[in-house]
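build me a model:
(one chain, ligands or ions: 3)
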Amino acid sequence: MPGVEAGHPYGVHNLPYGAVSTGAGDPRLVVRIGDVALDLAGACARLAPDLAPLVSGPVLNPLLAAPASTWRRLREAVRTWLTDESVRPVVEPLLAPIGRTHLPFAVGDYVDFYASAHHASAIGRIFRPDSPALPENWKHLPIGYHGRSGTVVVSGTPIARPHGQRRVAGGTVEFGPSLRLDIEAEVGFVVGGGTRLGEPVALAGAAEHIFGVCLVNDWSARDLQAWEYVPLGPFLGKSFATSVSPWVVPLEAFDNARTAPPPRDVPLMSYLDDAALPPWGLDIALEIELNGTVITRPPFPSMYWTAAQMLAHMTVNGATVRPGDLFASGTVSGPEPDQAGSLMELSQAGRSPFALPGGVTRSFLEDGDEVVIRGRVPAAGDRPELGLGEVTGVVVAKPALQ
Ligand SMILES: O=C(O)/C=C/C(=O)CC(=O)CC(=O)O
Ligand SMILES: [Ca+2]
Ligand SMILES: [Mg+2]
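Ligands and ions are numbered 1, 2, ... in the order given. Presented below is the predicted three-dimensional model:
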């Protein structure tokens, strides 16, 4: 592809999908190549008219509803269009600067998992100091909860500090802006190809239902969460906003970035037993920047549960998935203190504030703070770097409700 040097993290090995607009125009679906975007509706209208109806709207959902073989056909076609000299006169006028990015899919159901043993143990010690760090069920099944899909927002959306109830020292219950606003760096999976009620997705069939990968920041109000979550789990402490990166990187782009998950300590039931399957760990490196300083580098290969296991578990009771559903890995935390994916861990629940430049310290987020979570598959051997982009958000104060 002219203008995109070999090894560019958004070369033809990547080709993520997004929705962009310029000026007052409506969002249009694109594929990113280098630092520009290929207009998908225009390209399909000219070069693959039968695919045009799947990509002519503002969101990916019609494409997500098509079978995985169609996703692969479109990806191969785009790769050809971007490399084949003979179609250059058609393709070049359809390349444009990226412009403003939008949420590229209408989010159906949203599930958040809890798949890092390092995160789950650290949070367990903080929230439940008198119990084992990992709950008894943790290594038998990927724990998760259903989140609020309507508050999934695209990167760059300002995050209003939530108000709510919290219990303070001495047992008083009060209402006000969260004093423990946190982040959770996660990897998200966009579902395609629906299922029928009662028909689980088998581990071996997961690739037919996982369209692509994005980055997720599961903003979390720890004080609201700690008071509300017993016994039913996360609710208002997490439902106010969840940010996602604007680029959905197709699953096939990770073909040479698969890693073996950690050894399993507990024998897995057959619907979760992935020992005989190709590995589903992904070699993604995350980094979190707070106000311009990188504060932690969570490694995704350290996750205990894989995306395929999450999907198999999420549907094993017969629950359906639909095109546009989103499920997220849960906070990505590695074994080292500087690999934690939340401020709760980095500050030890506020007991050990961490340092930023200029003598500034933080335990939780203050108004005006900007968080950037970046993701990439690092280059290795002849594997070029694969960019996942970033998910950003600035915290803003919300007017008091009472
Ligand atoms: O262990 C708890 O009580 C709470 C855990 C979380 O808040 C984490 C969560 O949302 C799942 C995750 O991101 O890993
Ligand atoms: Ca989470
Ligand atoms: Mg959330």
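
which strands and helices lie in contact with the strand ranked longest in the chain?
Across the chain, the strand with the greatest residue count (assigned by DSSP state E) is strand 386-396. For strand 386-396, the elements it packs on are strand 159-160, strand 210-217, strand 242-244, strand 370-377, judged by 3 or more C-beta pairs under 8 Å, 6 or more residues apart in numbering; DSSP states H and E. C-beta coordinates here come from the backbone N, C-alpha and C atoms, glycine included.

contacts for the third one next, please.
Strand 242-244 is touched from outside by 103, 110, 112, 147-148, 151-155, 157, 159, 188, 214-219, 326, 328, 391-393, with contacts defined as C-beta atoms under 8 Å, 6 or more residues apart in numbering.

do that again at 7 Å, thanks
147, 151-155, 157, 188, 214-219, 391, 393 (C-beta atoms under 7 Å, 6 or more residues apart in numbering).

of the residues you listed, which ones also sit close to ligand 3?
Asp218 (C-beta under 5 Å from the ion).

among the contacts of strand 242-244, name the buried ones.
Under a neighbour-count criterion of 16 or more other C-beta atoms under 10 Å, the subset of those counted as buried comprises 147, 151-155, 157, 188, 214-219, 391, 393.

now, which of these sits nearest Val377?
The shortest approach to Val377 among those belongs to Leu215, at 12.4 Å (C-beta to C-beta).

quick check: closest non-adjacent residue to Ile284.
Phe300 (3.8 Å; C-beta to C-beta, 6 or more residues apart in numbering).

could you report the neighbour count for the one you found?
As a burial measure, Phe300 scores 25 neighbours (other C-beta atoms under 10 Å).

pLDDT score for it?
According to the per-residue confidence, Phe300 scores 98 in pLDDT.

just checking, it touches Pro262?
No - when contacts are counted by C-beta atoms under 7 Å, Phe300 is not listed as touching Pro262 (12.0 Å).

turn the helices and strands packed on strand 386-396 into a markdown table, columns for mean pLDDT and distance to ligand 1.
Formatted as a markdown table, the entries for the helices and strands packed on strand 386-396 read as follows, by pLDDT from 0 to 100; distance: least, C-beta to the nearest ligand atom, whole Å:
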| stretch | mean pLDDT | distance to ligand 1 |
| --- | --- | --- |
| strand 159-160 | 98 | 16 |
| strand 210-217 | 98 | 9 |
| strand 242-244 | 98 | 10 |
| strand 370-377 | 98 | 13 |
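
got TSV for the ones you listed, with distance to ligand 2 too?
Formatted as TSV, the helices and strands packed on strand 386-396 follow (distance: least, C-beta to the ion, whole Å):
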stretch	distance to ligand 2
strand 159-160	15
strand 210-217	8
strand 242-244	8
strand 370-377	12
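
now tabulate those strands in JSON lines and tack on distance to Val59.
Below are the helices and strands packed on strand 386-396 laid out as JSON lines (distance: least, C-beta to C-beta, whole Å):
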{"stretch": "strand 159-160", "distance to Val59": "22"}
{"stretch": "strand 210-217", "distance to Val59": "12"}
{"stretch": "strand 242-244", "distance to Val59": "13"}
{"stretch": "strand 370-377", "distance to Val59": "22"}
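
before we move on, back to that, partner strands of the longest strand of the chain and their direction?
strand 159-160 (parallel), strand 370-377 (antiparallel) (DSSP bridges).

tell me the most buried of the ones you listed?
Comparing the strands paired with strand 386-396 on average neighbours per residue, with mean count of other C-beta atoms under 10 Å, the densest one is strand 370-377 at a mean of 22.

just the CA trace of that one, in PDB.
Written as PDB, here are the backbone C-alpha positions of strand 370-377 (Å, rounded to 0.1, in the frame of the first residue of the first chain):
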ATOM      1  CA  GLU A 370      -7.300  12.300  31.600                       C
ATOM      2  CA  VAL A 371      -6.900   8.500  31.300                       C
ATOM      3  CA  VAL A 372      -5.500   6.900  28.100                       C
ATOM      4  CA  ILE A 373      -5.300   3.100  27.700                       C
ATOM      5  CA  ARG A 374      -3.300   1.900  24.800                       C
ATOM      6  CA  GLY A 375      -3.000  -1.600  23.300                       C
ATOM      7  CA  ARG A 376      -0.700  -3.300  20.800                       C
ATOM      8  CA  VAL A 377       0.600  -6.700  19.900                       C
END
